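1. With the input below, show me the fold.
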Amino acid sequence: MATLTIDCDGCTMQGTDVCCDCVVTFICDRAPEDAVVFDAAEERALRLLGRGGLVPPLRHEPSAAMSG
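-> As a prediction, this is how the structure comes out:
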């Protein structure tokens, strides 16, 4: 099963205004050093909820270092 790992320390949006409106911040209110891992089904569900306006969209933008 595919997973999506979100590490806010590797996100180019960290510390910007959109960071406060990211679904990870909205749902998890996690500690800054903790990565969040979603499986493919959870990612699809969050994407659909975001498109429907029920939660903020995922705004994670991986840095070049995280991309590969």
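2. What count of nearby residues applies to L54?
-> 10 (other CB atoms under 10 Å). Glycine gets a C-beta too; all of them are placed from N, C-alpha and C.
3. Let me know the distance separating it from Q14.
-> Distance, L54 to Q14, by CB to CB, to the nearest Å: 24 Å.
4. again, but for L49
-> L49 is 22 Å from Q14, by CB to CB.
5. any low-confidence regions in this structure?
-> Scanning the chain for pLDDT under 70 picks out 1-2, 26-32, 65-68.
6. May I have the helix ranked longest in it as CSV, with CA atoms only?
-> Longest helix in the chain by number of residues (criterion: DSSP state H): helix 40-51. Coordinates of each C-alpha in helix 40-51 appear next as CSV, following Å, rounded to 0.1, in the frame of the first residue of the first chain:
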residue,chain,number,x,y,z
ALA,A,40,-3.5,6.2,-0.1
ALA,A,41,-7.1,5.8,1.1
GLU,A,42,-6.7,8.5,3.8
GLU,A,43,-5.0,10.8,1.3
ARG,A,44,-7.9,10.4,-1.1
ALA,A,45,-10.4,11.1,1.6
LEU,A,46,-8.6,14.2,2.8
ARG,A,47,-8.4,15.5,-0.8
LEU,A,48,-12.2,14.9,-1.3
LEU,A,49,-13.0,16.7,2.0
GLY,A,50,-10.8,19.6,1.0
ARG,A,51,-12.4,19.9,-2.4
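7. Quick check: buried residues in it?
-> Residues of helix 40-51 classed as buried by neighbour count (16 or more other CB atoms under 10 Å): L46, L49, G50.
8. now do stretch 54-68
-> So stretch 54-68, judged by 16+ other CB under 10 Å, has buried residues V55, P56, P57, L58, R59, H60.
9. was I right about the last one contacting C11?
-> Yes: contact status for H60 versus C11: in contact at 5.1 Å, counting by CB atoms under 8 Å.
10. shared neighbours of those two, anything?
-> The contact sets of H60 and C11 do not overlap (CB atoms under 8 Å, 6 or more residues apart in numbering).
11. Would you state the helices of this structure in chain order?
-> Ranges of helices within the chain are 23-28, 40-51, 64-67, based on DSSP H.
12. In TSV, list those helices along with distance to T3.
-> Compiled in TSV, those are given as follows (distance: least, CB to CB, whole Å):
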stretch	distance to T3
helix 23-28	14
helix 40-51	7
helix 64-67	14
